[in-house]
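Undergrad: Need a 3D model of the sequence below.
(one chain, ligands or ions: 1)
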Amino acid sequence: MTILEIRIVGDPVLRTPATEVTTFGPELARLVADMTETMDAVDGAGLAAPQIGVGLRVFTYRVDGHDGHVVNPVLEVGGPEDLSASEGCLSVPGLGYRLPRHGWARVTGADVNGEPLVVEGEGMLARCLQHETDHLDGRLYIDRLRGADKKDALGKIRTSRYNDVAAKTRSKRAPAVDSSFGGGTFGVGR
Ligand code: ZN
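TA: Residues are numbered from 1 along each chain as shown. Reported below is the predicted structural model:
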């Protein structure tokens, strides 16, 4: 397995809607294994394929004791609005905001072998399912911010200081990238 470089905001791949997976086989299995290893190396709660530069509708997750992957997820949401948690993103390092999300979510899709799969949850898991499906549509959580938070996030990303944050994040993650020895936990993003 391989730890892959996580793309940072500004990379066009993060803004490009991903395409449906149509071929289930060893290549897809390897992608899911590499994404899981990459997510775990940075202690991430979830990782979508565009974040490692692959435009396919696949994400991995590890939240509150739930972990796995979903191929071609279709999202349903409901429940009361959840404002209880701060949200961050491995592709937007150093920032976090309280973003309202639906309190319940379910994705229906397939596993790596093409077998039907359903993941359903509340709270952080519901937030993660919504966040990762957004990535597959070319959307970042900061796009959903409003008012002062949105202004703050966009302002911070536009400054040269944020370029330093992004560069530092890349170099911190770099020792783990492509290393068969795996990586440490950097606690960046969330
Ligand atoms: Zn993200």
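Undergrad: what about the longest strand in this protein?
TA: Counting residues, the longest strand found in the chain (DSSP state E) is strand 66-82.
Undergrad: in its sheet, what does that one sit against?
TA: strand 58-63 (antiparallel), strand 101-110 (antiparallel) (DSSP bridges).
Undergrad: Need the winner for burial among these.
TA: Scoring the strands paired with strand 66-82 by mean neighbour count under mean count of other Cβ atoms under 10 Å gives strand 58-63 as the most buried, with a mean of 24. In short, each C-beta sits where N, CA and C put it, glycine included.
Undergrad: Which parts of the protein are strands?
TA: Listed in chain order, the strands of the chain (DSSP E) span 46-48, 58-63, 66-82, 86-87, 97-98, 101-110, 116-122.
Undergrad: export those to TSV and tack on distance to residue 132 and mean pLDDT?
TA: Output for those, formatted as TSV (distance: least, Cβ to Cβ, whole Å; pLDDT from 0 to 100):
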stretch	distance to residue 132	mean pLDDT
strand 46-48	5	98
strand 58-63	4	97
strand 66-82	8	96
strand 86-87	12	94
strand 97-98	17	96
strand 101-110	8	98
strand 116-122	10	97
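Undergrad: Between those, which one is closest to residue 171.
TA: strand 46-48 (19.5 Å; Cβ to Cβ).
Undergrad: Parallel or antiparallel, which strands does that closest one pair with?
TA: Applying DSSP bridges, one finds strand 46-48 paired with strand 58-63 (antiparallel).
Undergrad: Not counting the strand it pairs with itself, show me its contacts.
TA: With Cβ atoms under 8 Å, 6 or more residues apart in numbering as the test, strand 58-63 has contacts from 18, 21, 28, 31-32, 35-36, 39-40, 44-49, 67-73, 119, 121, 124-125, 128-129, 132-133, 135-136.
Undergrad: Using CSV, write down the CA coordinates of it.
TA: Extracted in CSV, the C-alpha atoms of strand 58-63 (Å, rounded to 0.1, in the frame of the first residue of the first chain):
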residue,chain,number,x,y,z
VAL,A,58,-15.1,6.9,-3.8
PHE,A,59,-14.5,7.9,-0.2
THR,A,60,-13.1,6.3,2.9
TYR,A,61,-14.1,7.2,6.5
ARG,A,62,-13.2,6.4,10.1
VAL,A,63,-15.5,8.1,12.6
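Undergrad: What angle do strand 116-122 and it make with each other?
TA: 40 degrees (axes from the mean of the first three to the mean of the last three Cα atoms, to 10 degrees).
Undergrad: Done for today, thanks.
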